[in-house]
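**Student:** Take this sequence and fold it.
(chains A and B)
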Amino acid sequence: MSPAGAKMGAVTRTLRPCGDTGLLVELETLTDVLGLHAALAADPPDGVVDLVPAARTVLLRVRSAADLPAVVEEVRHREPASSSVREAGGEVTEIAVTYDGEDLDDVAAHTGLTRDEVIEAHTGRVWTVAFAGFTPGFGYLAPEDGDARLHVPRRSSSRTRVPAGAVGLAGEFSGIYPRESPGGWQLIGRTDAVLWDLDRDPPAVLVPGARIRFRAA
Amino acid sequence: MSGWLTVTAPGPLCTVQDVTGRPGRADLGVGVSGAADRAALRRANRLVGNDEAAAGLEVTFGGLGFRVTTTSVVALTGAPVPVTVGERPGDLHRAVVVPAGAEVRLGTPPSGLRTYVAVRGGLAVDPVLGSRATDTVAGLGPPVLGAGAELPVGVPPSSPVPSVDVAPEAGLAGEVVLGVVPGPRDDWFTDAALATFLRTAWTVTEDANRVGFRLDGPELARTAEREGAELPSEGVIRGSVQVPPSGRPTVFLADHPVTGGYPVIGVVLDADTDRAGQARPGSTVRFRRVGLSAVSHRRR
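**Tutor:** Predicted coordinates:
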């Protein structure tokens, strides 16, 4: 089923077409994604105007279709950066959370933990923003120690309105809604932290590489 | 600055747009945005002698009225609308002088969806993250324009208004045919579903905005192994045709989210996304398969 899979050193990647100005590179782990993204961001191939890392993929967008063939060739052989943002360290920002989310009981049931153990698992480690997306200022936070106890699926039906500051879980990630929006994550709490402010530079708190520790308010 | 443009009537939706938007901001969760039909805005800017990156108005389904405080050179492109300048009929696809205080009124386009207005000097609203475009989803750039909105007009360029008389434009009536490259997730769908996707005359539903438009037609079935599966969110681009569990595709336009959580069966050629931006509810869209040599692809 792999359109163009190739084993390159330690990192297997699958190149998937994405129109005439895009390329989707699929990788096996989030660590591989962050490593390849770091390498591409440090030295972007000619013509690349956008890099969008996600859970298992890096999307490259090029200026024009003519740039694509050379970019494809380069990405086939590009080695990931040896140290990803995850290992870079840096200051840890504390975010106070009131753990009264509507899905806290569902998360407890799904993970086999008690409510208190869910809160302990969420507050007991440092989370790193792996990548951003969905809406301005939304960071996908992954636990630095790889703890997998809070892995939960999205809600089976998404909410049309999730309030700003809602703290949620989905897949291997935690996230905070920067503003009111629709959303399908399991909500475990809320925070008053302002995560998006155009008067700041950068306007987002949760930029890739940022390190966060949650504290029960 | 050289005067103001005042909106007297916004029509169904009028926003400030430019052709570049905000590329390279995915680290902030910010998408590209910009004009839905970049080619039309580019032509309008050329007609009035602006840099093609200048900001103009994107008018959805006509209905716009505006005045300028200083006599200005204006051009309209994109969806054809009846236009009046003061009491006189105006022209599309050419530079037109609008006297100070005269009201320009746009009617409803009989075909197409979005008309573009360029003013010589460009709209000089403050850029946000490098662009003057309104991202209707992210809430970036100037707010959606209402009656009474006042927009500063920039200093006219030193170069003269080009002598080109009329810039012709392809008609927007009839079917919209869009070139599409299958993938990146065409392998989530059965061979029959991909064939159906490429063969169907799809109808654009009322569920259409700057994010994209939903299509009505046959359901595109997933392969048995992907039935009920969840795709980890991944980056999407303008022109991505995403298929949610309902099986009816959505074509993403300028204000699409940075990442999407449903499989993309194909991606419209970048140049053709401009025509996709002119597809109006009730109209017919077809997809024409385009091969791509750069990325090898499984055979069907």
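
**Student:** going forward, measure contacts between C-alpha atoms and count neighbours the same way
**Tutor:** Noted.

**Student:** Strands of the stretch 151-300 of chain B, start to end?
**Tutor:** Taking DSSP state E, counting those that start in this stretch as the test, the strands found in the stretch 151-300 of chain B are B:176-182, B:202-208, B:212-216, B:234-235, B:240-242, B:250-252, B:259-260, B:264-268, B:284-289.

**Student:** sorry, that was for chain A
**Tutor:** A:5-8, A:11-17, A:22-27, A:48-53, A:57-62, A:92-97, A:126-132, A:139-143, A:159-162, A:166-170, A:173-176, A:181-183, A:186-190, A:211-216 (DSSP state E).

**Student:** quick one, the fourth one and strand A:126-132 angle?
**Tutor:** I take that to be strand A:48-53. With axes from the mean of the first three to the mean of the last three Cα atoms, to 10 degrees defining the directions, strand A:48-53 sits at 140 degrees from strand A:126-132.

**Student:** so who does the residue in chain B positioned nearest to chain A touch?
**Tutor:** The nearest approach of chain B to chain A comes at residue B:29, 4.1 Å away (Cα to the nearest Cα). By Cα atoms under 8 Å, 6 or more residues apart in numbering or on different chains, the contact set of residue B:29 is A:132-139, B:258.

**Student:** got a winner among those residues for most neighbours?
**Tutor:** Neighbour counts for the contacts of residue B:29 peak at residue A:139, which has 31 neighbours (criterion: other Cα atoms under 10 Å in any protein chain shown).

**Student:** That one bridge partners, please.
**Tutor:** In this entry, residue A:139 is beta-bridged to residue A:132, by DSSP bridges.

**Student:** Repeat that for residue A:11.
**Tutor:** Beta-bridge partners, per DSSP bridges, of residue A:11: residue A:8.

**Student:** Which residue comes closest to residue B:89 once chain neighbours are left out?
**Tutor:** Leaving aside its chain neighbours, residue B:89 sits nearest to residue B:83 (6.0 Å; criterion: Cα to Cα, 6 or more residues apart in numbering or on different chains).

**Student:** Next, format the strands of chain A as JSON lines and append mean pLDDT and distance to residue A:41.
**Tutor:** Shown next, in JSON lines, are the strands of chain A (pLDDT from 0 to 100; distance: least, Cα to Cα, whole Å):
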{"stretch": "strand A:5-8", "mean pLDDT": "46", "distance to residue A:41": "19"}
{"stretch": "strand A:11-17", "mean pLDDT": "93", "distance to residue A:41": "17"}
{"stretch": "strand A:22-27", "mean pLDDT": "97", "distance to residue A:41": "14"}
{"stretch": "strand A:48-53", "mean pLDDT": "94", "distance to residue A:41": "7"}
{"stretch": "strand A:57-62", "mean pLDDT": "96", "distance to residue A:41": "10"}
{"stretch": "strand A:92-97", "mean pLDDT": "96", "distance to residue A:41": "23"}
{"stretch": "strand A:126-132", "mean pLDDT": "93", "distance to residue A:41": "13"}
{"stretch": "strand A:139-143", "mean pLDDT": "95", "distance to residue A:41": "18"}
{"stretch": "strand A:159-162", "mean pLDDT": "91", "distance to residue A:41": "32"}
{"stretch": "strand A:166-170", "mean pLDDT": "97", "distance to residue A:41": "27"}
{"stretch": "strand A:173-176", "mean pLDDT": "96", "distance to residue A:41": "23"}
{"stretch": "strand A:181-183", "mean pLDDT": "86", "distance to residue A:41": "29"}
{"stretch": "strand A:186-190", "mean pLDDT": "98", "distance to residue A:41": "32"}
{"stretch": "strand A:211-216", "mean pLDDT": "96", "distance to residue A:41": "19"}
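
**Student:** Which one, of those, ends up nearest to residue B:136?
**Tutor:** Nearest to residue B:136 among these is strand A:181-183; the distance by Cα to Cα comes to 12.7 Å.

**Student:** what about the closest one, near chain B?
**Tutor:** No. Strand A:181-183 is not in contact with chain B by Cα under 8 Å from any Cα of the partner chain; minimum separation 9.5 Å.

**Student:** What lies in contact with that strand?
**Tutor:** Counting by Cα under 8 Å, 6+ apart, A:158-164 sit against strand A:181-183.

**Student:** switch the cut-off to 10 Å
**Tutor:** Contact partners of strand A:181-183, identified using Cα atoms under 10 Å, 6 or more residues apart in numbering or on different chains, comprise A:134-135, A:154-155, A:157-164, A:168, A:177, B:137.

**Student:** Pick the one among the residues you listed closest to residue A:145.
**Tutor:** residue A:168 (18.8 Å).

**Student:** what about the strands of the stretch 151-300 of chain B, which gets the closest to residue B:147?
**Tutor:** Closest of the strands of the stretch 151-300 of chain B to residue B:147 is strand B:202-208, at 22.9 Å (criterion: Cα to Cα).

**Student:** list the buried ones in that closest one?
**Tutor:** By neighbour count on 16 or more other Cα atoms under 10 Å in any protein chain shown, the buried set for strand B:202-208 is B:202-205, B:208.

**Student:** Dump those to JSON lines, plus pLDDT and distance to chain A.
**Tutor:** Shown next, in JSON lines, are the buried residues of strand B:202-208 (pLDDT from 0 to 100; distance: Cα to the nearest Cα, whole Å):
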{"residue": "B:202", "pLDDT": "98", "distance to chain A": "20"}
{"residue": "B:203", "pLDDT": "98", "distance to chain A": "22"}
{"residue": "B:204", "pLDDT": "97", "distance to chain A": "21"}
{"residue": "B:205", "pLDDT": "96", "distance to chain A": "20"}
{"residue": "B:208", "pLDDT": "95", "distance to chain A": "17"}
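
**Student:** so who does the residue most central in space within chain A touch?
**Tutor:** Centroid-nearest residue in chain A, with Cα atoms, centre = their mean: residue A:140, separated by 3.1 Å. Counting by Cα under 10 Å, 6+ apart, residue A:140 touches A:54-55, A:127-134, A:169-170, A:172-176, A:206-208.

**Student:** can we see that at 8 Å?
**Tutor:** Counting by Cα under 8 Å, 6+ apart, residue A:140 has contacts A:129-133, A:173-175.

**Student:** Spell out which parts of chain B neighbour chain A.
**Tutor:** B:23-30, B:138, B:180-185, B:187, B:232-237, B:239-240, B:257-260, B:266-270, B:292, B:294-298.

**Student:** among those, which ones are buried?
**Tutor:** Among the residues of chain B next to chain A, those buried by neighbour count (16+ other Cα under 10 Å) are B:23-30, B:138, B:180-185, B:187, B:232-237, B:239-240, B:257-260, B:266-270, B:292, B:294-295, B:297.

**Student:** the helices in chain B, which residues?
**Tutor:** Counting by DSSP state H, the segments of chain B that form helices are B:38-47, B:191-199, B:273-276.

**Student:** I'd like to know which elements the shortest one is packed against.
**Tutor:** With contacts defined as 3 or more Cα pairs under 8 Å, 6 or more residues apart in numbering or on different chains; DSSP states H and E, the secondary structure elements packing on helix B:273-276 are helix B:38-47, strand B:176-182.

**Student:** Now tabulate the helices of chain B in CSV and tack on mean pLDDT and mean neighbour count.
**Tutor:** Output for those, formatted as CSV (pLDDT from 0 to 100; neighbours: other Cα atoms under 10 Å in any protein chain shown):
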stretch, mean pLDDT, mean neighbour count
helix B:38-47, 96, 26
helix B:191-199, 97, 17
helix B:273-276, 97, 24
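
**Student:** For residue B:226, find the nearest of those helices.
**Tutor:** Closest among the helices of chain B, using Cα to Cα: helix B:191-199, at 13.2 Å.

**Student:** And chain A, what are its domain boundaries?
**Tutor:** For chain A, the structural domains run A:4-87, A:90-216, going by automatic domain parsing.

**Student:** Around residue 80, how many other residues sit close by?
**Tutor:** Going with chain A. Other residues lying near residue A:80 total 21 when counted by other Cα under 10 Å.

**Student:** please go with chain B instead
**Tutor:** Neighbours of residue B:80 (other Cα under 10 Å): 27.

**Student:** I'd assumed residue B:110 was in contact with it.
**Tutor:** Yes. Under the criterion of Cα atoms under 8 Å, residue B:80 makes contact with residue B:110 at 7.1 Å.
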